[in-house]
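Asks: Predicted model and sequence follow; I will ask about them next.
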Amino acid sequence: MSAPGGAVSPAAPASEGTLAVEVDQASKVFRRRRGEAVEALSAISMGVERGNFVAVVGPSGCGKSTLLRLIAGLVAPSSGHIRVEGVEVVAPRVDVGFVFQQPVLFAWRTVMQNVMLPAEVQGLDLRRFQDRARSLIDLVGLSGFEQSYPRELSGGMQQRAAIARTLLQDPAVLLMDEPFGALDYLTREQMNVELMRIWADSGKTVLLVTHSIPEAVFLASQVLVFSPRPGRILARIAVPFPYPRTPDLMATAEFARLSGELRSHLSSDALEGAGAGF
C-alpha cells in the first residue's frame, strides 16, 4: 500500500474481522427486455472497515449505485459474495440504511411522522422509538421542526429528515447515493459539514456515492475510483486529513493536489488506458 494520499492496488484493504462491508469478486449483469445482457459491475472486491467513511466516484453509469443496491440486498449479485458484519447478504437488512438521491418524504406527514415511518411499517413499539426519533431530529439539526411538513422545509432540511429516518433503526452501515446532488453549492457544502458531524456522533460505517471529487476528498477517509461500465475499481486513494474537517481545508494546496490526483484517474486517457468502455 502506498503512503497516505497515494493510489494503492485494488486488493482488499483490511483483514477479515474488521470489516463492516465485504464485497468479494461481485459482478452484476442485468437483462434488458429484449434479452440483451448489460454488465454493470465486474469482479468487484473491496472492504469497508467498521466506523470508516468511504466514498465512491466514477463516470455516470459505471455501476456505483448498483454496488450500493447489492450491499443493501435490494438486488442480488450475478456472481460473487456480499457480506455485512460477516453475514452473507441475501435480502434487505434492517442493519443497513439507505439514503437516496431524493428525500422521498411523504408530503402529508410531518417530520416526526416521516422519521417514525420505518417503525410503523414494521409494526414495532412506537413508544419505544419516539424518544429515539426526537434524539435523531435533534442530531440532524431539525429541533423545532418536528411538526413541520416537507413543503415547509428547504431541500437540505428535507434531506436531513431523510437521514434521521434512515437512522431510526440504528443501522450499522449507512449507504448514501448522491444524497446532496440536487442541492445548490452553498447548501451542499453545509450539508457536507453536517454529515461529517452526524457520522462522528453516530459512529456509523458510511459508504457514499458521489460525482463530486471535492465532496469525496472532504468527507472520506478513502476514495474508490470506478471505471466506466462495467464498473471496476481503478484505484483506492487514502485521504490523510485528520477529522474533524472544516471547509477551509478545500482552499489548501494539499487538498487541491489530492483532488487533482483523483481527477487524473478519471481523465479520458486514464480510462481508455484501463481498457474499460461504455
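Replies: Nice, thanks for sending it over.

Asks: Check whether residue 239 really touches residue 213, as I assumed.
Replies: No: at 11.5 Å, residue 239 and residue 213 do not qualify as touching, with contact defined as C-beta atoms under 8 Å. Where you see a C-beta, it was placed from the backbone N, CA and C, and this is true even at glycine.

Asks: Report the beta-bridge partner residues of residue 37.
Replies: Note on residue 37: beta-bridge partners residue 31, judged by DSSP bridges.

Asks: Pull the number of nearby residues for it.
Replies: When neighbours are defined as other C-beta atoms under 10 Å, residue 37 has 9 of them.

Asks: where does the residue nearest to the spatial centre of the chain land in three-state SS?
Replies: Geometric centre of the chain, nearest residue: residue 208, 2.1 Å, by C-alpha atoms, centre = their mean. Classification of residue 208 using DSSP: H, G, I helix; E, B strand; the rest coil returns strand.

Asks: Tell me which residues are up against stretch 194-204.
Replies: 51, 53, 97, 139-141, 160, 163, 167, 171-174, 176, 179, 206, 218-219, 243-245 (C-beta atoms under 8 Å, 6 or more residues apart in numbering).

Asks: what about it, distance to the chain center?
Replies: Offset of stretch 194-204 from its chain centre (C-alpha atoms, centre = their mean, to the nearest Å): 13 Å.

Asks: got it, and stretch 193-202?
Replies: Centroid displacement of stretch 193-202 relative to its chain, using C-alpha atoms, centre = their mean, is 13 Å.

Asks: which non-adjacent residue is nearest residue 147?
Replies: Of all residues not flanking residue 147 in the chain, residue 110 sits nearest, at 5.0 Å (C-beta to C-beta, 6 or more residues apart in numbering).

Asks: The contacts of stretch 194-204 in helices, which ones?
Replies: Mapping the contacts of stretch 194-204 onto helices (DSSP state H) picks out 139, 160, 163, 167, 218-219.

Asks: Just send these back as TSV, with distance to residue 23 and pLDDT too.
Replies: Formatted as TSV, those follow (distance: C-beta to C-beta, whole Å; pLDDT from 0 to 100):
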residue	distance to residue 23	pLDDT
139	29	90
160	29	93
163	24	94
167	23	93
218	24	97
219	20	97
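
Asks: Farthest-apart pair in those residues, please.
Replies: Farthest-apart pair in these is 167 and 218; separation 21.3 Å (C-beta to C-beta).

Asks: Tally up the residues packed near the residue nearest to residue 147, please.
Replies: Neighbour count of residue 110, defined by other C-beta under 10 Å: 18.

Asks: Please name the residues that touch it.
Replies: Neighbours of residue 110 in contact, by C-beta under 8 Å, 6+ apart: 146-149.

Asks: The residues you listed, buried ones only, as a ChimeraX selection?
Replies: Those of the contacts of residue 110 that count as buried under 16 or more other C-beta atoms under 10 Å are selected in ChimeraX with:
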select :146,149
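
Asks: what two of the contacts of residue 110 have the greatest distance between them?
Replies: 146 and 149, at 11.0 Å, using C-beta to C-beta across the contacts of residue 110.

Asks: Give me the distance from stretch 64-82 to the chain's centre.
Replies: Centroid separation between stretch 64-82 and its chain, computed with C-alpha atoms, centre = their mean, is 13 Å.

Asks: try stretch 146-157
Replies: Centroid displacement of stretch 146-157 relative to its chain, using C-alpha atoms, centre = their mean, is 23 Å.

Asks: What is the end-to-end distance of it?
Replies: This stretch, stretch 146-157, spans 12 Å end to end (C-alpha to C-alpha, to the nearest Å).

Asks: who touches it?
Replies: Contacts to stretch 146-157, defined as C-beta under 8 Å, 6+ apart, come from residues 103, 105-112, 114, 134, 137, 142, 145, 158, 161, 180, 182-183, 187, 190-191.

Asks: Take those residues and keep only those in helices.
Replies: Those of these mapping onto helices are 111-112, 114, 134, 137, 158, 161, 187, 190-191, per DSSP H.

Asks: Going through these, which ones are buried?
Replies: By 16+ other C-beta under 10 Å, the ones in helices among the contacts of stretch 146-157 give 111-112, 114, 137, 158, 161, 187, 190-191 as buried.
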